[in-house]
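Student: Okay, predicted coordinates and the sequence, questions at the end:
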Amino acid sequence: MNLASHLLIDALTGAMDAAVVISNDSDLEFPVREVRTRMPVGTVSPYGPVHGSLRPVMTPGCGHWSHELDLAQLATSQLSDQVAGIKRPRKW
């Protein structure tokens with residue numbers, strides 16, 4: 001809910017020129033669709049193909065795009081097991 005709210009508020013107040021949403025949650029369909037009428041929005045799925053409701057209609061020059069992270073990309077973006085004295089639990 002926070003992501004959807006901030007995405008809409010930032011788009012409507014002019015706080016951003018474009019957005020990248022890293023989620024595959026189909027509940028974001030409405031806010032992503034609405035923001036796409038105002039500015040370019042990229043969607044990135046952290047797992048599996050981008051959900052159909054989050055994929056953009058590819059119109060030339062619209063600036064919308066989507067991407068699925070593969071396991072190598074996801075692995076290279078992870079923090080180390082310990083950061084600033086805080087250690088990640090093993091089960092994570």
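Tutor: Received the coordinates, thanks.
Student: pLDDT at the closest residue to residue 68 other than its chain neighbours, what is it?
Tutor: Take residue 68 and drop its neighbours on the chain: the residue closest to it by Cβ to Cβ, 6 or more residues apart in numbering is residue 45, 4.7 Å away. In short, each C-beta sits where N, CA and C put it, glycine included. The per-residue pLDDT reported for residue 45 equals 87.
Student: Over to the one 5 residues further on?
Tutor: Each residue has a pLDDT score; the one for residue 50 is 86.
Student: cool, and residue 1?
Tutor: If you check residue 1, the pLDDT there is 85.
Student: ok, back up a step: give me the distance between the residue nearest to residue 68 and residue 8.
Tutor: Applying Cβ to Cβ, to the nearest Å, the value for residue 45 to residue 8 is 21 Å.
Student: out of the two, which sits in the busier spot?
Tutor: For residue 45 and residue 8, the more surrounded residue by other Cβ atoms under 10 Å is residue 45, and the numbers stand at 19 against 16.
Student: and residue 57, what does it touch?
Tutor: Taking Cβ atoms under 8 Å, 6 or more residues apart in numbering as the contact definition, residue 57 lies against residue 64.
Student: How about the secondary structure of it?
Tutor: In terms of secondary structure, residue 57 is coil; the call rests on DSSP: H, G, I helix; E, B strand; the rest coil.
Student: now the strands: where do they sit in the protein?
Tutor: Taking DSSP state E to define them, one finds strands in the chain at 19-22, 41-45, 65-68, 82-83, 86-87.
Student: I would like the residues contacting the fourth one, please.
Tutor: Outside strand 82-83, the residues within contact range by Cβ under 8 Å, 6+ apart are residue 88.
Student: rerun that using 6 Å as the cut-off
Tutor: If you take Cβ atoms under 6 Å, 6 or more residues apart in numbering as the criterion, strand 82-83 is touched by no other residue.
Student: ok, residue 4 touching residue 31?
Tutor: Yes: judged on Cβ atoms under 6 Å, residue 4 makes contact with residue 31 at a distance of 4.2 Å.
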